[in-house]
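Colleague: Quick one: sequence plus predicted model below, questions after.
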Amino acid sequence: MKAYKGFHKDLTCIGYQFSKYGVNRTKQANCRKNGFHCAENPLDCLFHYRDWKNSVYYMVEAGGDIDEDEFDSKISCTELKLIKKLSLLELLSEGIAYMVRYPNRPLSQIVFKESGEAPEEGYAVIRGANPKGKGKSGAILVLLKEEEQKITEVAVLIIDGKSHFPNVWYNIYGEEESERAA
């Protein structure tokens, strides 16, 4: 099954050194104890590996024995193959596609409702009827407008200091909004 995984930059996770090539294998899979952990929702990788500057993210193929978690979209498996390395923007885009495809599934813990500010990590995902966000220079804001539990519009704004400025609230259309509590 297609899934997503975060790693330390050296492709380690909880002391295990993953190989970029071939299939990584282990004996047991239990979300709470062992196995190779990954997530169906790409954004859940950012909950476990928030510091994207010191992490790498991959689209993976999870196989073998698979155990699912009731906490989020985390899965544990006995076989894991790394398919494609993803930049932060690519991982966020995969997260957008996931929410559009499955609008009624529980939100990742990193998703703000209605308004949010990009923390030091440099990105924020905001979903709601009138989503608004702000961030520091270099931040990525992902805004998803929803109506009747369906995503109707998406915007990805980069706080570049030219078209979008630091510490200014923006709406889904990239327009400035008056300040409001997040």
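Modeller: Yes, it's here.

Colleague: contacts and neighbour counts: CA atoms only from here.
Modeller: OK.

Colleague: can you tell me which residue is nearest the centre of this protein?
Modeller: residue 43 (2.0 Å; CA atoms, centre = their mean).

Colleague: who's in contact with the spatially closest residue to it that is not a sequence neighbour?
Modeller: Sequence neighbours aside, residue 95 is the residue nearest to residue 43 in space, at 5.4 Å (criterion: CA to CA, 6 or more residues apart in numbering). Contacts for residue 95 were tallied using CA atoms under 8 Å, 6 or more residues apart in numbering; they are 41-43.

Colleague: Tell me which other helices or strands the strand or helix carrying residue 44 touches.
Modeller: Under the criterion of DSSP states H and E, residue 44 resides in helix 43-48. Judged by 3 or more CA pairs under 8 Å, 6 or more residues apart in numbering; DSSP states H and E, the packing partners of helix 43-48 are strand 2-8, helix 88-101.

Colleague: from the chain's centre, how far out does the longest one sit?
Modeller: Taking the mean of its C-alpha atoms, helix 88-101 sits 7 Å from the chain's own mean (CA atoms, centre = their mean, to the nearest Å).

Colleague: Equivalent analysis for the shortest one, please.
Modeller: If you compare the mean C-alpha spot of strand 2-8 with that of the full chain, they lie 10 Å apart, counting by CA atoms, centre = their mean.

Colleague: mind checking how far residue 81 is from residue 175?
Modeller: Between residue 81 and residue 175 the computed distance is 42 Å (CA to CA, to the nearest Å).

Colleague: More neighbours: which of these two?
Modeller: Between residue 81 and residue 175, counted using other CA atoms under 10 Å, the more crowded position is residue 81 (20 against 12).

Colleague: State the phi and psi torsions of that one.
Modeller: Backbone torsions for residue 81, taken as degrees, to the nearest 10, come to phi -120, psi 130.

Colleague: Report the contact partners of the residue nearest to it when sequence neighbours are not counted.
Modeller: Of all residues not flanking residue 81 in the chain, residue 23 sits nearest, at 4.7 Å (CA to CA, 6+ apart). For residue 23, the contact set (CA under 8 Å, 6+ apart) comprises 79-82.

Colleague: switch the cut-off to 7 Å
Modeller: Applying CA atoms under 7 Å, 6 or more residues apart in numbering to residue 23 gives the contacts 79-81.

Colleague: can you check residue 160 too?
Modeller: Residue 160 makes contact with 137-138 under the criterion CA under 7 Å, 6+ apart.

Colleague: could we number from 24 for the rest of this?
Modeller: Got it, first residue is 24 now, which makes that one residue 183.
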